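Participant: Sequence first, then the predicted structure, then my questions.
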Amino acid sequence: SVRRLSLVLGLLCANCYAQNPLDFGSNIKTADPSAHVWQDGKMYLYTSHDEECQDDFYMKNWHVFSSEDLVNWKDHGAVLSVDDLAWADNFAWAPDAAYKNGKYYLVFPAGTGMKDRQNPKNSTKWMGIGIAVSDSPTGPFKDVIGKPLWREPYANDPSLFIDDDGTAYLYFHGSGKDFHVARMADDMRSVEGDLMEMDMGGYEPKMEGPWVFKREEKYYFTMPENNRELAYYMADSPTGPWTYKGVFMEQENQSNNHHSIVEYKGQWLLFYHRWLKDAADSCPTPQRKVAAEYLQFNSDGTIKEVERTKA
Ligand code: FUB
């Protein structure tokens, strides 16, 4: 797969070299990449931002990176921060973005309270999902509704999928094994109707960050199963019923993963994060870094297993 990634990069950029994790040209620690290609043809990554040497997921802002060749990246800085929110002050976790009606939307989880590792029952942590708007893909984004989309149930790791008819669906991670989807109102400022429970064909493992995409008339619901292995379902509609298809990327270092999948210049790509301890890092424990791989499909539409490029 080193060869494969080099090939992608070689095709996209003469004299480029394989980078995995991606070299963002800054020392900040990033995770939870949501990849999108907008009208200008560039690749945009919306990521969360780990504090230096973090081990508690107390995270404060979200960044956007862009690239035209997947090698040279521009960091557009913190495009939204929990300091900008009236309803949350922590847990700036995995974001996603969408383009609709001439505006760019950043959908993000954030929360309040504290985690108590020794006595989890004393934890007061709460999380909800917000939506912020900008005229530019690189923000800054503004929380125009000034509150979460809902308070109950607990929700994080939102992911927006806009179908060909313009309907926007919001998938998210709730508490435990819940596979729900919400339909967004046309102005993207609220949820229309109730949360819909999806038929997962009888297999509902614990999961985090869902990511939905469409390819050749099939819908794919992908997610880190048990928070670690990337697995997927397929369906004929964005709300299921879904058929489980298995794992396409194994876990690494007993650590969480979070990913997105996008087509770029005729090639499908998988963005995800790894936990690495590199020599240049002064942190005592592995830290999260965003990486990418080629994604290949079989003729029946199933996803070929992906091996990580050697870091
Ligand atoms: O980055 C904080 C959390 O860790 C994310 O929301 C989860 O998906 C996991 O990556």
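Facilitator: Cool, got the structure.
Participant: use CA for all of it now, contacts and neighbours both
Facilitator: Noted.
Participant: buried sites along stretch 23-39?
Facilitator: 23, 24, 29, 30, 31, 32, 33, 34, 35, 36, 37 (16 or more other C-alpha atoms under 10 Å).
Participant: Can you tell me the SS state at the residue positioned nearest the centre of the chain?
Facilitator: Of all residues in the chain, the one closest to the mean position by C-alpha atoms, centre = their mean is residue 34, 4.0 Å from it. Assigned state for residue 34: strand (three-state reduction, DSSP: H, G, I helix; E, B strand; the rest coil).
Participant: so what's it up against?
Facilitator: 45, 46, 47, 95, 96, 97, 259, 260, 261, 271 (C-alpha atoms under 8 Å, 6 or more residues apart in numbering).
Participant: what number of residues lie near the fifth one?
Facilitator: By other C-alpha atoms under 10 Å, the residues close to residue 96 number 27.
Participant: Give me the pLDDT for it.
Facilitator: Residue 96 is assigned a predicted lDDT (pLDDT) of 98.
Participant: What residues are bridge-paired with it?
Facilitator: residue 107 (DSSP bridges).
Participant: hang on, the earlier thing: the residue nearest to the centre of the chain and the ligand, how far apart?
Facilitator: Using C-alpha to the nearest ligand atom, to the nearest Å, residue 34 is found at 11 Å from the ligand.
Participant: now residue 283
Facilitator: From residue 283 to the ligand the distance is 17 Å (C-alpha to the nearest ligand atom).
Participant: Next, count neighbours for that residue.
Facilitator: Neighbours around residue 283, by other C-alpha under 10 Å: 13.
Participant: got a list of what the closest residue to it other than its chain neighbours touches?
Facilitator: Spatial nearest neighbour of residue 283, chain neighbours left out: residue 53 (5.1 Å); criterion: C-alpha to C-alpha, 6 or more residues apart in numbering. By C-alpha under 8 Å, 6+ apart, residue 53 lies in contact with 283, 284, 285, 287.
Participant: what about 10 Å?
Facilitator: Counting by C-alpha atoms under 10 Å, 6 or more residues apart in numbering, residue 53 touches 29, 281, 282, 283, 284, 285, 286, 287, 288.
Participant: Repeat that for residue 113.
Facilitator: For residue 113, the contacting residues are 88, 89, 90, 91, 123, 124, 125, 126, 127, by C-alpha under 10 Å, 6+ apart.
Participant: per-residue pLDDT, it?
Facilitator: At residue 113, the model reports a pLDDT of 96.
Participant: Tell me the spacing between it and residue 175.
Facilitator: For residue 113, the distance to residue 175 (C-alpha to C-alpha, to the nearest Å) stands at 16 Å.
Participant: Equivalent analysis for residue 118, please.
Facilitator: Counting by C-alpha to C-alpha, the gap from residue 118 to residue 175 is 20 Å.
Participant: So for the two, which residue has more residues nearby?
Facilitator: residue 175 (13 against 8).
Participant: Run a quick check on the more buried one versus residue 128, I expect a contact.
Facilitator: No. Contact criterion C-alpha atoms under 10 Å: residue 175 and residue 128 do not qualify, at 11.3 Å.
Participant: Would you mind listing the residues touching both of those two?
Facilitator: With C-alpha under 10 Å, 6+ apart as the test, residue 175 and residue 128 both reach 153, 154, 155, 156.
Participant: Can you pull out the low-pLDDT segments for the stretch 51-200 of the chain?
Facilitator: Confidence mapping of the stretch 51-200 of the chain against pLDDT under 70 gives zero matching residues.
Participant: Show me which residues of it sit near the ligand.
Facilitator: With C-alpha under 6 Å from any ligand atom as the criterion, the stretch 51-200 of the chain meets the ligand at residues 57, 93, 94, 157.
Participant: Look at the last one and say how many residues are nearby.
Facilitator: The burial metric for residue 157, expressed as a neighbour count using other C-alpha under 10 Å, is 26.
Participant: And for the second one?
Facilitator: Around residue 93 there are 26 other residues, counting by other C-alpha under 10 Å.
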